[in-house]
Each structure stands twice: as structure tokens, then as C-alpha cells.
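>>> Below are the sequence and a predicted model; questions follow.
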Amino acid sequence: MKNIAFRVLALICLLPLANVYAQENYKEKDSKYTYQNEGFYEVKIYSEDQLKFKKHPRNIILLIGDGMGVSQVFSGITANKGKLHLQNMKAIGFAKTQSSSHYITDSAAGGTALSCGKKTYNGAIGVDPDKNPLETILEIAEKNDKATGLVSTSAITHATPASFIAHQPQRNMYEEIAADFLKTDIDVFIGGGETFFKERKDGRDLTNELKGNGYKVFNNLKDAKSTKSGKLAVLTAPEHNEKFSQRGAMLQEATDKSLEILSQDKDGFFLMVEGSQIDWGGHQNNTSYVVGEMLDFDKMIGDVLEFAVKDRETLVIVTADHETGGIALLDSDIAKGFVKAGFATGGHTGVMVPVFAFGPGAQEFMGIYENTAIFDKMLKLFRFKN
């Protein structure tokens, strides 16, 4: 009996660790070196006459393709027979991604550099190298009466989205990160991670607390379809969302829903959207995974650009926190949409990542600079009084 009791107690103690490690299981190798696209899509290319923007942005949409380097971008171009929506973005720069602790950053330090404008150590979420909280662009936008939102194809508590809203010394503190959402006034957030809001060591059910704070809370986008205004939280999976081939148009639908709600704010909005799993395909050395996620990310970019063209006061920025996989494109075929790739690593690399910009202020993002400069440029263009 004592042995049985001990084993049960050990299992209970290990459950939180199981949740933590489950968050990282996307790094398991599943090598595949080719991809043949079967789902080609039309790309709308805007003429110069359509691109008449206001002088300053009222809204900023930051789109982060996690792990997306130049090779990932061109793999998408190759797979869709030479065209991506991304190619409408003519202002192009490059960001250096090194963290304060490592030549090769992780997503936590990379995300914090983008969200807070400060270099920090690998694993840090919204804190400086001394673990002091840093104000994020999302929090500054809130303070200046703008609506705010986060969307991710990972858990919303994962490193990149977390770095825009939470302040924790380590990225694997998922329950603490989830609790940080309750300390903000974010208007919309959509992503996985329901487990960390409901099945917690402290016994709190954060979804009930969110409802008490005026949020409509759902666990799928279909049920949220009729919600047109107000505060919205959609926790689309217990942990991470499924890969591109299984989750459907979740990223587009989540982004469109966020824009529908946030655009009603007369003071404007800040929205960060992450295509998380480009990175995961790189970790797995899986060309099919990388390219499929890249195309899914680009379809969402198409929706965002269409919104920006109509709105005329929206700046769109597309970048990455780092490159993953050290991808080399080999003997591929643009006419057939066929991609063949090789990988230098199953981890991240230290190369610069591209930065694409579109809309009012886009020219600010040309050149080569530190990743922290993206925060500085957004802050400058928003022209906040506080």
C-alpha cells in the first residue's frame, strides 16, 4: 500500500512537469526534406494607386513568423509558384537577433527584444537581465487608450506571445504567465493554452476570473463567431494548436476576428499575431512542415494587407524572432511548386532575419539594425504622449 501511495503522490507531483515538457515536444525530430504543394492560392498584388496611406499610423499590426528566415520566405515563394502576399511589402530591412546572454537567441529573449526594446537573457519573459519588469509595446498602447490584441498558433502562454503581456524570469512558468493576463486590459487574445488557465496548481480558474472582468470566453472560434465587440478570450486548444494541415484556417479566422473587434476603437489599436509553427518545422528538420506553415502565415498576411489598404492608417510589420533550422534550399522547382531543403541544425541560428513593412511609416524599417530597434520604431511612429 505504501508503494502504491508513493507512486500516486509522485504522479501527482509530476503532472505540472508533464505540462511543461509537453510544451516543448515540437522539437522532436521528424525529418522530411521535400514538399510538393497541392494547394496553390491566388495572390493579390496592389498597384501604386491603391497604396495611398495617411502620414502616421493609428494602428500597428506586428506579424511574427517564429523561426522565419529568408530561406523560409523563399520556400513559400517557391511552393506557391513564385508569389506570396508578402511581396506587396516593399520596405525591407534586416534585424540582428543576438540576446544579452547568447549569440543564438531563444524565442523568449527574441520576443522581449521586439516587445520591450531591450536585450535580455535567453528564457526571459518581459524582464531585463536583472529580472526587472520591462514595459511592453502592448502595455504602452493600453496606457494610451488603444485597443490591444494577441493571436498565436501556439499556446498563448508560449514564449513569443507571453513576452508582450507577461513579466516572468523563465519562459516555462506557464501558469504564472497565464495569471499575468489578468493584470492587463488586453481586449482580445486567441490561442492555445487553456490548461494553464483552468487546470492549475493554485486551484484558480482564470477563465471564470476573465468572465468576471467582462470577457466573453470560448474554447473555439466557431462559438465566438457571433461576438462582434467587447473583450474576447478564445483558448483554442488545451496546449498548442494542431499543425497547419489539421487546424484549418484558424490563423486567418483568429486574425480577422481580432481586427473586427479592435478596429472599432476610435483611438486605434496594437495587434501582435504569431505564426508559431514555422519554427517547429525547422526544429524537426521537416520541409513540409516549414513550408506549409509559411504558406498559412502568408494567407493571414493577405487578409491583414487588405485591411491596411482599405484603412489607410494601419502599419503592418512582418518579421521573426530568429531563424530555425539553418535551412538551405536545394534543387527545387518554382513552376511545379516543389521544394527541396537541407538543414544545418535542429535548433536556432544566429543569422539576421528579414523585416517587411507596409503602410504609413514603412520606410522607417529599411536597413540593418538590432531587433530592439523595431520596438523603438513602433513607439516613434505611434507618437504617444505618455
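In hand now; what should we look at? The model shown is predicted, which means the values in this text are computed figures rather than measured ones.
>>> Going along the chain, name the strands of the stretch 201-350 of the chain.
Along the stretch 201-350 of the chain, the stretches classed as strands by DSSP state E, counting those that start in this stretch are 215-218, 231-235, 269-275, 314-319, 323-324, 327-329, 338-343, 348-349.
>>> For the first one, name the packing helices and strands.
Contacts of strand 215-218 with other secondary structure elements, assessed using 3 or more Cβ pairs under 8 Å, 6 or more residues apart in numbering; DSSP states H and E, are made with helix 206-212, strand 231-235. Glycine gets a C-beta too; all of them are placed from N, C-alpha and C.
>>> cutoff 10 Å now
strand 188-192, helix 206-212, strand 231-235 (3 or more Cβ pairs under 10 Å, 6 or more residues apart in numbering; DSSP states H and E).
>>> Can you redo the ones you listed as JSON lines, where the extra columns are mean neighbour count, mean pLDDT and distance to E293?
Formatted as JSON lines, the helices and strands packed on strand 215-218 follow (neighbours: other Cβ atoms under 10 Å; pLDDT from 0 to 100; distance: least, Cβ to Cβ, whole Å):
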{"stretch": "strand 188-192", "mean neighbour count": "27", "mean pLDDT": "98", "distance to E293": "15"}
{"stretch": "helix 206-212", "mean neighbour count": "16", "mean pLDDT": "98", "distance to E293": "28"}
{"stretch": "strand 231-235", "mean neighbour count": "24", "mean pLDDT": "98", "distance to E293": "20"}
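>>> Distance to I165 for the ones you listed - can I get that in a markdown table?
As requested, those are arranged in a markdown table below (distance: least, Cβ to Cβ, whole Å):
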| stretch | distance to I165 |
| --- | --- |
| strand 188-192 | 8 |
| helix 206-212 | 13 |
| strand 231-235 | 12 |
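>>> and of the ones you listed, who's closest to A357?
When the helices and strands packed on strand 215-218 are compared by Cβ to Cβ, strand 188-192 sits nearest A357, at 23.0 Å.
>>> and the closest one, which strands flank it?
Sheet pairing here is set by DSSP bridges, and for strand 188-192 it gives strand 147-155 (parallel), strand 231-235 (parallel).
>>> Out of the ones you listed, which gets nearest to T314?
Nearest of the strands paired with strand 188-192 (Cβ to Cβ): strand 147-155, 12.7 Å.
>>> out of everything not next to it in sequence, what's closest to Q36?
Closest residue to Q36 apart from its sequence neighbours, by Cβ to Cβ, 6 or more residues apart in numbering: F338 at 5.2 Å.
>>> Against I186, how distant is that neighbour?
42 Å (Cβ to Cβ, to the nearest Å).
>>> how about the strands of the stretch 201-350 of the chain in CSV, adding distance to N144?
CSV is the format used below for the strands of the stretch 201-350 of the chain (distance: least, Cβ to Cβ, whole Å):
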stretch, distance to N144
strand 215-218, 21
strand 231-235, 18
strand 269-275, 9
strand 314-319, 15
strand 323-324, 33
strand 327-329, 39
strand 338-343, 43
strand 348-349, 33
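>>> Looking at those, spot the one closest to Q50.
Across these, Q50 has its closest neighbour in strand 314-319 (13.8 Å, Cβ to Cβ).
>>> between that closest one and strand 269-275, how big is the angle?
30 degrees (axes from the mean of the first three to the mean of the last three Cα atoms, to 10 degrees).
>>> Strand partners (parallel or antiparallel) of strand 314-319?
Partners of strand 314-319, by DSSP bridges, with direction: strand 59-65 (parallel), strand 353-358 (antiparallel).
>>> Make JSON lines out of those strands and add mean neighbour count and mean pLDDT.
Putting the strands paired with strand 314-319 into JSON lines (neighbours: other Cβ atoms under 10 Å; pLDDT from 0 to 100) gives the following:
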{"stretch": "strand 59-65", "mean neighbour count": "26", "mean pLDDT": "98"}
{"stretch": "strand 353-358", "mean neighbour count": "24", "mean pLDDT": "98"}
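>>> Could you export those as TSV, including distance to K225?
Listed next are the strands paired with strand 314-319 as TSV, based on distance: least, Cβ to Cβ, whole Å:
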stretch	distance to K225
strand 59-65	21
strand 353-358	28
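>>> between these, which gets nearest to S258?
strand 59-65 (9.2 Å).
>>> and that closest one, C-alpha only, in PDB?
Below are the C-alpha coordinates for strand 59-65, written out as PDB (Å, rounded to 0.1, in the frame of the first residue of the first chain):
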ATOM      1  CA  ASN A  59      -2.900  51.200 -35.800                       C
ATOM      2  CA  ILE A  60       0.100  48.800 -35.800                       C
ATOM      3  CA  ILE A  61      -0.100  45.100 -36.600                       C
ATOM      4  CA  LEU A  62       3.100  43.200 -35.900                       C
ATOM      5  CA  LEU A  63       3.200  39.800 -37.500                       C
ATOM      6  CA  ILE A  64       5.900  37.400 -36.200                       C
ATOM      7  CA  GLY A  65       6.800  34.300 -38.200                       C
END
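>>> so how far is that strand from its chain's centroid?
8 Å (Cα atoms, centre = their mean, to the nearest Å).
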